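Chemist: This is the structure alone, sequence omitted:
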């Protein structure tokens, strides 16, 4: 849940990148880290195994700028995608303000995408959130790979509610900032609703 | 239910800051932090300038979350205290009222016993303040973002 500090005039929000193993969640954060002005970001932390698979989470704090005199800060987290790390994924979703689902566009990973999406829906529900109402965006990553599914098919399978979605190649940055901006906007719009 | 909104007002912040300032002095610690369970830094006191407080806050929250998950697996409600002993520095982590996390970093200038004693005392005051804050946050029903426009949001991304 966002944290509003009236004294320091700051608002902090939590974004979580979700998706199946090796879909490119960490790659999204790494690209954002590399392309952001050092003054606007903190250190990126990766709790990973020796083979660079995410073990618990990646973390990247970002300062986006000011709205009406309030500094807006976003804390970006990834979850470990591998199926057996479900207990860790549940913990990272606690207090989430917005979710990005990074899908792997390769046809061979369709089942993994669907399984991860169902897992996200279930884990959010356990925290009292609904995937249908929380700020939520999709990124269809790895569009540069061979053997990928057409966009229409991916949308039909993964985006029945027609939330903002983007084609991505996280390693080169395609779609990375578009996705981040879209989910950040949804989170801020939700905050406005909460205060209205 | 989702966790309630955390809000910090000037009055309560000054009360919290007074408690952490006092804890640094009375326990002879190097640094004291208060962090919410989602990893947001709330207050700090002591020699915090040389420490990456944002990263420390996130990792501490992750640590508390993982330990809480372990507790549930063995049918415990929470493990409220953790202690990590290093060669030069030690960290004492205390969950306060299941709402916020009190972190004390200390070295050989003091002892674990004194830190634990002072932390216990500080927790009593902190628990009361955060209960008041939670009630205030629920009662206010307002955010400073109620009046923002689409243009305000778009302007954030025009760089």
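Modeler: Perfect, thanks for sending it. Treat the numbers as computed from the prediction; the structure is a model and nothing was measured.
Chemist: could you point out where chain B is predicted with low confidence?
Modeler: Chain B contains residues with pLDDT under 70 at B:1-4, B:140-143, B:158-159.
Chemist: What is the burial count for residue A:136?
Modeler: Applying other Cβ atoms under 10 Å in any protein chain shown, we find 24 residues neighbouring residue A:136. C-betas here are computed from N, CA, C, even on glycine.
Chemist: same check, this time on residue B:81
Modeler: Residues near residue B:81, counting by other Cβ under 10 Å, number 14.
Chemist: What of residue A:35?
Modeler: Residues near residue A:35, counting by other Cβ under 10 Å: 11.
Chemist: quick check: longest helix of chain B.
Modeler: Counting by DSSP state H, the longest helix found in chain B is helix B:112-140.
Chemist: got the buried residues for the helix or strand just after that one?
Modeler: Per DSSP states H and E, the first helix or strand lying C-terminal to helix B:112-140 is helix B:150-156. Applying a neighbour-count criterion of 16 or more other Cβ atoms under 10 Å in any protein chain shown, one finds B:153, B:156 buried in helix B:150-156.
Chemist: Does anything pack onto helix B:150-156? Which helices or strands?
Modeler: Packed against helix B:150-156 by the contact rule (3 or more Cβ pairs under 8 Å, 6 or more residues apart in numbering or on different chains; DSSP states H and E) you find strand A:54-67, helix A:176-195.
Chemist: Turn those into CSV, columns for mean pLDDT, mean neighbour count and distance to residue A:14.
Modeler: Below are those laid out as CSV (pLDDT from 0 to 100; neighbours: other Cβ atoms under 10 Å in any protein chain shown; distance: least, Cβ to Cβ, whole Å):
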stretch, mean pLDDT, mean neighbour count, distance to residue A:14
strand A:54-67, 92, 21, 10
helix A:176-195, 90, 21, 9
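Chemist: ok, residue A:178 to chain B distance?
Modeler: 10 Å (Cβ to the nearest Cβ, to the nearest Å).
Chemist: Strands of the chain, residue ranges please.
Modeler: Since no chain was named, I'll use chain A. A:3-5, A:10-18, A:45-48, A:54-67, A:70-78, A:98-104, A:136-141, A:165-167 (DSSP state E).
Chemist: my question was about chain B
Modeler: Under DSSP E, chain B gives strands at B:6-8, B:31-36, B:41-46, B:81-85, B:90-96, B:100-106.
Chemist: Adding distance to residue A:185, write the strands of chain A out as a markdown table.
Modeler: Output for these, formatted as a markdown table (distance: least, Cβ to Cβ, whole Å):
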| stretch | distance to residue A:185 |
| --- | --- |
| strand A:3-5 | 18 |
| strand A:10-18 | 11 |
| strand A:45-48 | 26 |
| strand A:54-67 | 10 |
| strand A:70-78 | 11 |
| strand A:98-104 | 9 |
| strand A:136-141 | 9 |
| strand A:165-167 | 13 |
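Chemist: Any chance of the ones you listed in JSON lines with distance to chain B as columns?
Modeler: Shown next, in JSON lines, are the strands of chain A (distance: least, Cβ to the nearest Cβ, whole Å):
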{"stretch": "strand A:3-5", "distance to chain B": "4"}
{"stretch": "strand A:10-18", "distance to chain B": "5"}
{"stretch": "strand A:45-48", "distance to chain B": "5"}
{"stretch": "strand A:54-67", "distance to chain B": "5"}
{"stretch": "strand A:70-78", "distance to chain B": "5"}
{"stretch": "strand A:98-104", "distance to chain B": "13"}
{"stretch": "strand A:136-141", "distance to chain B": "14"}
{"stretch": "strand A:165-167", "distance to chain B": "14"}
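Chemist: ranking those strands by mean pLDDT, which is last?
Modeler: Mean pLDDT values for the strands of chain A show the minimum at strand A:3-5, a mean of 88.
Chemist: same for it, what does it pack against?
Modeler: Strand A:3-5 packs on strand A:10-18, strand B:6-8, going by 3+ Cβ pairs under 8 Å, 6+ apart.
Chemist: Nearest to residue B:72, out of the ones you listed?
Modeler: Residue B:72 sits nearest to strand A:10-18 of all the helices and strands packed on strand A:3-5, at 20.6 Å, using Cβ to Cβ.
Chemist: Mind listing the strands that closest one pairs with, and their directions?
Modeler: strand A:3-5 (antiparallel), strand A:70-78 (parallel), strand A:98-104 (parallel) (DSSP bridges).
Chemist: wait, which of the ones you listed is closest to residue B:41?
Modeler: strand A:3-5 (9.3 Å).
Chemist: what sits up against the closest one?
Modeler: Outside strand A:3-5, the residues that touch it by Cβ atoms under 8 Å, 6 or more residues apart in numbering or on different chains are A:10-12, A:70, B:5-8, B:13, B:36, B:38, B:40, B:143-144.
Chemist: Residue B:57: which of the helices and strands packed on helix B:150-156 is closest?
Modeler: With respect to residue B:57, and counting by Cβ to Cβ, the nearest of the helices and strands packed on helix B:150-156 is strand A:54-67 at 9.2 Å.
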